[in-house]
Each structure stands twice: as structure tokens, then as C-alpha cells.
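1. One predicted model, sequence on top.
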Number of protein chains: 2
Amino acid sequence: MALRHAVLAALLDGECSGYQLAKAFDVGVANFWHALPQQLYAELTKLEKEGLVAGRQVVQETRPNKRLFHVTDAGRAELEKFAAAVSKPSFIRDDLLVKVQVADRIGTAPVIEQLEDRASAAEAKIELLGKLLRQLRGDAGEEEFLRRGERIGPYLTCLRGLAFEQEHRDWCLRIAAVLKERQSTHVER
Amino acid sequence: MALRHAVLAALLDGECSGYQLAKAFDVGVANFWHALPQQLYAELTKLEKEGLVAGRQVVQETRPNKRLFHVTDAGRAELEKFAAAVSKPSFIRDDLLVKVQVADRIGTAPVIEQLEDRASAAEAKIELLGKLLRQLRGDAGEEEFLRRGERIGPYLTCLRGLAFEQEHRDWCLRIAAVLKERQSTHVER
DNA sequence: TACGACTAATCACTTTCTTGAGTATGATGC
DNA sequence: GCATCATACTCAAGAAAGTGATTAGTCGTA
């Protein structure tokens, strides 16, 4: 039940619309949670009903009207309660790992291809996150920023995202190499 | 829809019961998928109905009877199809990250505590995985084993699990340290 | 000899996530 | 001038995942 909290967390950095939120959940926020637009709209509706966020209609001339949401006091309280509660452990859950687990039994070729695709995707994400981090910390160095920066929360989650993607890329490349070498040496499969 | 494939993957290493499977999903298999016993029993039932696994009753004297399942040819085919299909990208999805994102806004103390708990949990998992890896590769060194070992799939996923846990632990400790230092220097929060 | 842990599993239910389609308008590109 | 993209959102249906409780015999231990 943490999508709601992820939404509250994202809205804490300023009023925004469901649409903008959906974008955020595709880049920065994606480092700690992922969701499709439909889920976000649905969650916003629920949160509004429960009084944890409030929305206001913004009439626009050249674009469709939109609703901007912000976190209410009750919403903040809910977040605080959430932060104090025990968190469930985090798990890796990845299709590709299932495939690697059985790759040596059922054929390595398609898995190698996917490992390499994943490595490229991770590489792209790494660059993106690097930019995001530089942007967040401005002129300051990392140590300096973490000591004295105003708002470090998003920076810290991005660091995690970055480390995750780097680890992911390295693993993908290493495993791809291992499987390739085996493919070429013992051809008996 | 990959719990079914995770189950098939786990059963590929030998016939086992729902109960044994549940144990496996708590240690080794947990490196690529996690599920509760109830989910596994339910999935096994479905898989059996679809002919992807087959079970046989084993009557026991001193323990409750059990059903041992193995993957059928159709199940193998399904796994092969799955391995060849594109995999959806993997996301981090972690309560604790949501909390860190807002920690500097709503109070760091409970978050620091949880970060340290997580770090210990990760440490324990790291040791466990280290043992598992040594066990899997037997006498051989890692490089050697990966080149010539019979069954390297589980080893490769464990490597990923290990790297993940190490990264997780390091991040938790670093972030806890950062938040602590801020707590002590600018006390104005 | 009572207590809890282990083996082995099932039932009932809820929440969450995904898929796919649909609406409407303005801006941008070829 | 036609196509596609971006903004902004909604609805419905279904699959997947998660939660909680329950049964019941056996084994070790305090």
C-alpha cells in the first residue's frame, strides 16, 4: 500500500497535475516507485476522497484544463505515520533473472541478447541519472551538497537508482560474456 | 505473469513439493523472485491444470502426505517461449526509498533507524549468499566454475542477489550517516 | 506434559497492477 | 494538408499478487 505514499512523496515537492505526476513517475520518481498514468489518476482520486490531497481546477486556453493537487495536513500526517512504520523488505523481481536461472538448460542465445539490451538500457539510465544528480546539487560538490543542501531526499533516492543501474549493467555484461564463452567452448549444447 | 515461470524455473532443478518450493522461494529463488506459500500452492494448482507441471502423491507415515511436482514437456516449452520473449524492465520498488525521499521534510529519526536495520538484514543475506555460492561452486574457483560448471544458472542469479544486497547495504549505511550528520549539525529541524 | 516449532497444505478475500480503448484540442513536422 | 505528437484525462475488465486464518499430526525441549 505504498503507491499512495509514493504519490504523496512526489507531491510534497510542489503542486502538480496527474499528467505531470505521470511524467515524474517515468524519470525521477521511478527511482523509488513506478506506476502507469491510470494508476496515478485513480490513486489521486482516492487520496482526494480521503482528504490527503486537495486539487484545484486550472482553466487553460490553449490546452485542456487540468487539476493541480497538493498534499494536505492530513496527507503530511499520513506520510509521517508511514515513515515511522516498519517497511516491508525489498525484493528483486525480474523476468530476466528467471531467464538467466534456466538459460544453461533451455538455450542461451535469446537470453544473451536480452542481457545486452538491458545493459544498454541501464547505460542510458545511468547517464540520465548523472544529469539529474548534477542538476539537483547545482554548483556544490556531492559531499558539500549532502551536508548543507536544502532538499536532499530526491538526491539520495537518485543515488540509489544510479548504484542499482550500474550494478545491473555490470552484471548483465558479465553474465552475457560468461554465457557467450560457454557457448563457444562447449558447443555440445 | 512470471511467478508461474519462476516456479517452473525452480522445479527444473528437480521434483519438489509446494512446501519445499516455499522454502526455496525464501532463500535461493528469492534472488530472482519472492512469493508466499499460498501463492505457490495456488500457482502449482493452475500449472497442473494447464499441464505444465505434473504431480504425484507421496504417502508418508510420520509426516503429512505431500505432492511432488515436476515440469512436463509442455512446461519446458512454455519456459523456452518465455525466455525468448521480451522481458519487461525491472524496477526498484521499495517502501524505504519513499521514506528517504521525504525524510528531510518530515523527520529523519525513524528513517535512520530503519536504514540501519536494513543494513543489518542485508549483511545477513550477504553472508547467506556467500555460503550458497561456495556451496554451488564446490571446490572450483569462481572463474573456473563459470567456465566449466555443469549448472551455472542458480550461481549467476545468486551473484546478482549478492551484488544487490551489497549495494543495498552500502547505500543504507551511507545515507544513515548523511542523515545523522545533518541531524547533529543543523539542529533547527 | 504442556508449549512451541516443523511439515504440509487449503480457503477466502482484498488490493494492486496491467491492458486496452476512448475523448478532445492544439502544436509541430514533412 | 495530413500525420503525428503532446497535453490532459477517463473507463472498464481482468490478471496477478498479497493477506489472514485454519487444520492437524509429529518432534524436541524445558
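-> The structure has been received and is ready for your questions.
2. what about the residue lying closest to residue A:140 once chain neighbours are set aside, neighbour count?
-> Among residues not flanking residue A:140 along the chain, residue A:149 sits closest, at 6.7 Å (CB to CB, 6 or more residues apart in numbering or on different chains). Placement of C-beta: from N, CA and C, glycine included. Neighbour count for residue A:149, taken as other CB atoms under 10 Å in any protein chain shown: 17.
3. what's the answer for residue A:119, then?
-> Residue A:119 has 19 neighbours, counted by other CB under 10 Å.
4. what's the answer for the one 3 residues further on, then?
-> By the other CB under 10 Å criterion, the neighbourhood of residue A:122 contains 21 residues.
5. Relative to residue A:96, how far out is it?
-> Distance, residue A:122 to residue A:96, by CB to CB, to the nearest Å: 11 Å.
6. and if you look at residue A:148?
-> Counting by CB to CB - residue A:148 and residue A:96 are separated by 40 Å.
7. between these two, which one's more packed in?
-> Each of residue A:148 and residue A:96 has its neighbours counted (other CB under 10 Å); residue A:96 has more, 27 against 12.
8. In three-state terms, how would the nearest residue to the more buried one once chain neighbours are set aside be classified?
-> Computed as CB to CB, 6+ apart, the closest residue to residue A:96 that is not its neighbour in sequence is residue B:87, at 4.8 Å. Following DSSP: H, G, I helix; E, B strand; the rest coil, the label given to residue B:87 is coil.
9. backbone phi and psi for residue B:87, please?
-> As for residue B:87, its main-chain torsions (degrees, to the nearest 10) stand at phi -100, psi 140.
10. ok, it - contacts?
-> By CB atoms under 8 Å, 6 or more residues apart in numbering or on different chains, the contact set of residue B:87 is A:94-96, A:99, A:114, A:118.
11. Now narrow these to whatever sits close to DNA strand C.
-> By CB under 7 Å from any atom of the strand, no member of the contacts of residue B:87 lies near DNA strand C.
12. where in chain A is pLDDT low?
-> Counting by pLDDT under 70, chain A contains low-confidence residues at A:186-189.
13. And the residue nearest the centre of it?
-> residue A:30 (1.8 Å; CA atoms, centre = their mean).
14. wait, isn't that residue in contact with residue B:91?
-> Yes: with contact defined as CB atoms under 8 Å, residue A:30 reaches residue B:91; the gap is 6.8 Å.
15. Next, count neighbours for residue A:59.
-> Neighbours around residue A:59, by other CB under 10 Å: 8.
16. Find the nearest non-adjacent residue to it, please.
-> residue A:65 (5.2 Å).
17. Tell me who's in contact with residue A:32.
-> A:6, A:9, A:157, A:160-161, B:92-94, B:97-98, B:100-101.
18. again, 7 Å this time
-> A:6, A:157, B:92, B:94, B:97-98, B:101 (CB atoms under 7 Å, 6 or more residues apart in numbering or on different chains).
19. Between those residues, which sits nearest DNA strand C?
-> residue A:6 (8.7 Å; CB to the nearest atom of the strand).
20. what's the distance between that closest one and residue A:29?
-> 7 Å.
21. Next: residue A:108.
-> 35 Å.
22. again with residue A:95
-> 22 Å.
23. Those two: which has the busier surroundings?
-> Each of residue A:95 and residue A:29 has its neighbours counted (other CB under 10 Å); residue A:29 has more, 26 against 22.
24. The more buried one contacts residue A:11, correct?
-> No: the criterion here is CB atoms under 7 Å, and residue A:29 misses it with residue A:11 at 10.4 Å.
25. Distance from whichever helix or strand residue A:100 is part of to the middle of the chain?
-> Here residue A:100, judged by DSSP states H and E, is contained in helix A:95-106. Chain-centre distance of helix A:95-106: 25 Å, with CA atoms, centre = their mean, to the nearest Å.
26. Who are the packing partners of that helix?
-> Contact analysis of helix A:95-106 by 3 or more CB pairs under 7 Å, 6 or more residues apart in numbering or on different chains; DSSP states H and E lists helix A:109-137, helix B:3-11, helix B:73-84, helix B:153-185 as its packing neighbours.
27. Let's see that with 8 Å instead.
-> helix A:109-137, helix A:153-185, helix B:3-11, helix B:73-84, helix B:153-185 (3 or more CB pairs under 8 Å, 6 or more residues apart in numbering or on different chains; DSSP states H and E).
28. Compare the ones you listed and give me the one nearest residue A:80.
-> Ranking the helices and strands packed on helix A:95-106 by proximity to residue A:80 (CB to CB) places helix A:153-185 first, at 13.9 Å.
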